[in-house]
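In: here is a sequence with its predicted model. Questions after.
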Amino acid sequence: MAMQKSHPYVELFTSYPDRVVNVGKVIFGERARNKTESILRRKQIGNISQAACALLNSGGGVIKAEAENKDYSYEEHGIGQDIEKALTELIPSKTFQKYFDFEYMRGNNNVLIFVKSWCGDSSFSPRICSLGTGLCRRSLTHTKTVSPTEAAQFLTEKAVFARRKHDEKPGPRPKKALLSDVQQEDNIYVSAERFYRRDRLFVDEKLNFTESTHVEFKNFPTKNILKRIKEILANYISAFANTQGGFLFIGVDDKGTVVGCGKDIINIYELKGVIEDVKGKLPIAHFCSSLPGMEFECKTMEVYENQSLYGYVCAVRIQPVCCVVFSDTPDSWTVKGNEITRMTAQEWTALMMATDPEISDLCQAFSAELSVSCAPPLTKSVFSNSGLVCLQDLQKSLFPVNSNGITYKPDSLSKELFSEYPGLEDLMKAQMKELQCTRGLLIFEKSWAVAVGLPKSQCVVCDALLIAADKYPMLYTVTEEDPSGVGFEYSKRIAQTLKLNLVNDGGYAQKVCVIPRHLQLGTNIQQNRDSRVQVKYPFTYVLSSTDVSDLLQSLVIILLSFRSFLSDKLGCEFFNLLTLKQYEILTKNLHKFKKLFIYGLPGTGKTVVALSIIERIKNVFCCDSDEILYICENLPLKTIVENRNICQAVTRVAFLKGNYPSAKHVVIDEAQNFRSENGDWYDKAKRITQGNGPGEPGVLWIFLDYLQTSHPFLCGLPPPSEQYPQEWLTVGVRNATQIYSTMLHEMQNIVDSPQIDIPFERLKMLLNEAKCGHPLSGTCTVQTNWEKDEIVTYVAVTCSQYFQNGYSGKDIAILCNTAEEAKTYLRLLQHKMRRFRQDVRFTKADAVLGNGIVLDSIRRFSGLERNIVFGVNPVPNPTQMEISDSLKLCVVSRANLHLHLLYESNA
Ligand SMILES: [Zn+2]
């Protein structure tokens, strides 16, 4: 080995499809351990605990230790009680078998400890594993460390206080003097404060107050005084700062008598240095947004004996902190990439405090499918749209568990693969036979690597995942020929990622492994058996029949979840599930569907699909972000996509001007609103994707919605008869039912009496399939024949009502017909809101991710959405009357929950 790594470390070259953490040599067995020096024993236990903590917090894995005692026998000697005890103490319900399994590998004298992911089993247990919290608090006259199990409640209480504390003065909170001890505590605080102001004290002087929650006396009559102060100071500062603040007096004994630190044993300059040094190292974690630092001061008070200076009392005054101060970074670990890392105080606090987003008024719109309170540490909340199929039904429809036989899923893909690769079906059958697997699901993907976000290897024919009761989950990677011999390594990498995704994204909380197998087409069962890499897992990792459907549901989450657009709005990341149709489009074979037109009705999630296909293109063709171009008409939508950092995002106008030498694939959104007058964008996009060489052409997918055409000009698309192949999105997921019925009415109008050149026959067919998948009714108000002033008053009054009901500027958009109109209304509204004493900020559509109310033209808000939308006089100018229905549809479909259409009288 080139370099000796310090233990524990993540071992990279292992046949296990799991994270393997090496803890070095350990003495195993009760007798042998009892004979070992305690210092060495503690060191070994420390390494094992740290490795276990890191694995518990990051999805589970394997701890590998080499038995140091040569004559070790696992059956005879066991593991050692102190090791088992240390591991048991780490986990929430102290049930050892639920989390850990041991295997002894005689060949290399290794002991393997299999670690399942942490999962809180009640709302009281902490969300992650910690060896220590680094937090202290005062408990009457004592300073205590906060244990990992107490920490969750401690942090929650602090977070509640943090919100209130904002406008209070430092010191104890003013309480009503109902209890005499509270009264007394306050008196002590006041006396301590008075004492703190003095500069001159006397030896043997008796103080008129005692130790309390807010006061601690310390006395170190030794030469090591600075060292001792350094040892205790961080704990006291953390404790006082976390418990309403207080005073630490060094040089006063327990009984409250001044003894002083002799001037010959303490150097006050060094002391100040020590205090400043400690202060700089204390980590703070904030729940609040003001983020102030630690505040404390210290002073030295001179102590006299018979008129001459004897020494000093060192006083530290600690202000309460808004959130929490740690005496040291929490002793909690995780695995990032291939490193075991200690969490920062901020990361630790965020994980400890993670909760499901408060979706208040939206909670009826979504049902929680995966809640962070009883899931592995790294999972995020997942919601399904309650108007559509729930997770369980999605699983039953995609991956039904039959009682008999091996079911190949998806049907169409497995058939396609079997006909394309003769021999594949027999190869798989032989594997099932060898495994004696008679019932279960074999789930095919062109590449499971792509499905879990890894690049695809070109020699892979397909991957099949076996999920069956009484078997370990297995991943079969099938290649044609494999001259480089990367098959197993590749399969192992996918299996490991898949396992981590099932736990960390899919929320699967039981013991789980995915065993990789590499199969080569055209080889027989014996050849495959000979080339097999053996990977052994404990029997507890075999799936039971109840595990099977849970695991399949986690699989649905990792395949169908996408980051919700509401995440930005709520400031908390969570996920929604795709509809089956959206998923079907996304999983199309990109090698076959290089070009695709996706017609979507308003609110059917076109942009969601567009962004997800970009991720998929990256993995299928192993390309970089700058090889994919996303083109849309408006700047605001471009800004949102740009923020994702997954591709180059440009507007059509910029696209026509620019040069994109690195681009190979193009995804176009909202194409119906493009224009042909600045140049032939379609031709340019086509030429980019055709490339200029013998290589495979790139992907060109075009998302469009003719019904939302916002101008009467030519859009530059090929004629509808040439828009093939084609897919449709017809299930509305964005708009509440009342808003949806207004939309449906407009859509019907548009296709019944088409005013502009759109393929209305085909759109009629789309409309026949239109369906609202939104569960809430929402509201839709229309007012006609109003003066500008009436409209302005209505908007101002209604907004203030929404604010009272808990909505914020982020929820509202006010959309006018033109940018010019928007300017006029901005002036009028600002004036009116000021008279209403309303402090609101207006922004343009470009700042859609900001906090202000968006006030802009309908056109510029295209592709975006808000909970509440005011459509102000949505009537086109007289030369464009042919798009009046489309314009109305555009504004209506921007609203998720509440819509107000307000028309001026001269219209
Ligand atoms: Zn704070």
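Out: Looks like it arrived, so ask away.
In: check the gap between the closest residue in space to T213 that isn't next to it in sequence and P320 for me.
Out: Nearest residue to T213, sequence neighbours excluded (C-beta to C-beta, 6 or more residues apart in numbering): R138, at 5.0 Å. Just so you know, the C-beta spots here come from the backbone N, C-alpha and C atoms, and that holds for glycine as well. As judged by C-beta to C-beta, to the nearest Å, R138 and P320 stand 11 Å apart.
In: which neighbours do the two share?
Out: Residues touching both R138 and P320 (C-beta atoms under 8 Å, 6 or more residues apart in numbering) are 240, 242-244.
In: now do the domain split for this protein, please.
Out: 9-115, 136-325, 403-560, 578-754, 778-904 (automatic domain parsing).
In: need those domains in JSON lines (columns: mean pLDDT and mean neighbour count).
Out: Output for those, formatted as JSON lines (pLDDT from 0 to 100; neighbours: other C-beta atoms under 10 Å):
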{"stretch": "domain 9-115", "mean pLDDT": "93", "mean neighbour count": "18"}
{"stretch": "domain 136-325", "mean pLDDT": "84", "mean neighbour count": "17"}
{"stretch": "domain 403-560", "mean pLDDT": "90", "mean neighbour count": "18"}
{"stretch": "domain 578-754", "mean pLDDT": "91", "mean neighbour count": "19"}
{"stretch": "domain 778-904", "mean pLDDT": "89", "mean neighbour count": "19"}
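In: can you convert the ones you listed into TSV and add a column each for distance to K764?
Out: Output for the domains of the chain, formatted as TSV (distance: least, C-beta to C-beta, whole Å):
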stretch	distance to K764
domain 9-115	50
domain 136-325	52
domain 403-560	28
domain 578-754	5
domain 778-904	15
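In: would you list the ones you listed in a markdown table and tack on distance to the ion?
Out: Output for those, formatted as a markdown table (distance: least, C-beta to the ion, whole Å):
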| stretch | distance to the ion |
| --- | --- |
| domain 9-115 | 25 |
| domain 136-325 | 3 |
| domain 403-560 | 29 |
| domain 578-754 | 27 |
| domain 778-904 | 20 |
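In: now do the helices in the stretch 301-450 of the chain.
Out: 345-353, 391-398, 411-420, 424-434, 448-451 (DSSP state H, counting those that start in this stretch).
In: between whatever helix or strand comes next after the last one and helix 424-434, how big is the angle?
Out: Translated: helix 448-451. Remark: after helix 448-451, the chain's next helix or strand is strand 460-467, criterion DSSP states H and E. Angle, strand 460-467 to helix 424-434, by axes from the mean of the first three to the mean of the last three C-alpha atoms, to 10 degrees: 30 degrees.
In: neighbouring strands - and their directions - for strand 460-467?
Out: Strand pairing for strand 460-467, using DSSP bridges, gives strand 439-445 (antiparallel), strand 474-479 (antiparallel).
In: hey, C-alpha coordinates of it in PDB?
Out: What follows is strand 460-467, C-alpha atoms only, in PDB (Å, rounded to 0.1, in the frame of the first residue of the first chain):
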ATOM      1  CA  VAL A 460     -24.500  -2.600 -21.800                       C
ATOM      2  CA  VAL A 461     -27.600  -4.200 -23.400                       C
ATOM      3  CA  CYS A 462     -29.800  -3.800 -20.400                       C
ATOM      4  CA  ASP A 463     -30.000  -4.100 -16.600                       C
ATOM      5  CA  ALA A 464     -32.700  -6.200 -14.800                       C
ATOM      6  CA  LEU A 465     -33.500  -5.800 -11.100                       C
ATOM      7  CA  LEU A 466     -34.900  -8.800  -9.400                       C
ATOM      8  CA  ILE A 467     -37.200  -8.100  -6.400                       C
END
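In: okay, the angle between that strand and helix 411-420?
Out: 130 degrees.
In: list the contacts of strand 460-467.
Out: Outside strand 460-467, the residues touching it (C-beta under 8 Å, 6+ apart) are 399, 417, 421, 424, 428, 432, 435, 437, 440-449, 473-480, 490-491, 494, 498, 514, 521, 543, 548, 551-552, 555.
In: how many other residues sit next to S384?
Out: Residues lying near S384 (other C-beta atoms under 10 Å) number 26.
In: returning to that earlier point: for the residue nearest to T213, helix, strand, or coil?
Out: Under DSSP: H, G, I helix; E, B strand; the rest coil, the three-state class of R138 is strand.
In: verify the stated contact: it with F247.
Out: No - R138 lies out of contact with F247 (C-beta atoms under 8 Å); the separation is 11.5 Å.
In: can you give me the strands in the stretch 251-400 of the chain?
Out: 261-262, 284-285, 296-305, 308-318, 324-325, 333-336, 339-342, 366-370, 382-385 (DSSP state E, counting those that start in this stretch).
In: I'd like to know which of those lies nearest to R834.
Out: strand 366-370 (37.0 Å; C-beta to C-beta).
In: from the chain's centroid, how far away is the closest one?
Out: 15 Å (C-alpha atoms, centre = their mean, to the nearest Å).
In: for it, output the C-alpha coordinates as PDB.
Out: Only the C-alpha atoms of strand 366-370 are listed here, as PDB (Å, rounded to 0.1, in the frame of the first residue of the first chain):
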ATOM      1  CA  PHE A 366     -51.100  16.900  -1.500                       C
ATOM      2  CA  SER A 367     -50.900  13.800   0.600                       C
ATOM      3  CA  ALA A 368     -47.700  12.900   2.400                       C
ATOM      4  CA  GLU A 369     -46.200   9.700   1.000                       C
ATOM      5  CA  LEU A 370     -42.900   9.900   2.800                       C
END
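In: tell me which residues are up against that strand.
Out: Contacts for strand 366-370 (C-beta under 8 Å, 6+ apart): 356, 359, 379-386, 390-391, 506-507, 557, 576-577.
In: rerun that using 6 Å as the cut-off
Out: Contacts to strand 366-370, defined as C-beta atoms under 6 Å, 6 or more residues apart in numbering, come from residues 382-384, 386, 391, 507.
In: least confident pick among those?
Out: On pLDDT alone, S386 ranks lowest of the contacts of strand 366-370, at 68.
In: now what about stretch 782-794, what contacts it?
Out: Contacts for stretch 782-794 (C-beta under 6 Å, 6+ apart): 828-829, 832, 901-903, 905.
In: list just the nearest of those residues to T133.
Out: Of the contacts of stretch 782-794, the one sitting nearest to T133 (C-beta to C-beta) turns out to be L829, at 50.0 Å.
In: for the residue nearest to the closest one when sequence neighbours are not counted, which three-state class applies?
Out: Sequence neighbours aside, V792 is the residue nearest to L829 in space, at 5.7 Å (criterion: C-beta to C-beta, 6+ apart). Secondary structure, three-state DSSP: V792 is helix.
In: circling back: export the contacts of strand 366-370 to TSV and append columns for distance to V62.
Out: TSV is the format used below for these (distance: C-beta to C-beta, whole Å):
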residue	distance to V62
V382	28
F383	33
S384	34
S386	40
L391	30
G507	21
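In: determine which two of those residues are furthest apart.
Out: Maximum distance among these (C-beta to C-beta): 18.8 Å, for S386 and G507.
In: ok, I558 to E722 distance?
Out: For I558 relative to E722 (C-beta to C-beta), the value is 37 Å.
In: Y541 too?
Out: For Y541, the distance to E722 - C-beta to C-beta - is 54 Å.
In: and E231, by the same measure?
Out: 79 Å.
In: and the helix ranked longest in the chain, how far out from the chain's middle?
Out: Scanning the chain for the helix with the most residues, using DSSP state H, yields helix 38-58. How far helix 38-58 lies from its chain's middle: 28 Å, per C-alpha atoms, centre = their mean.
In: out of the helices of the stretch 301-450 of the chain, nearest to K888?
Out: helix 391-398 (34.5 Å).
In: and the angle for that closest one with strand 439-445?
Out: Going by the same axes, to 10 degrees, helix 391-398 makes 80 degrees with strand 439-445.
In: is it true that S710 touches R860?
Out: No - applying C-beta atoms under 6 Å as the test, S710 and R860 come out as separate, 9.8 Å apart.
In: is it true that T784 lies in a strand?
Out: Yes - counting by three-state DSSP, T784 falls inside a strand.
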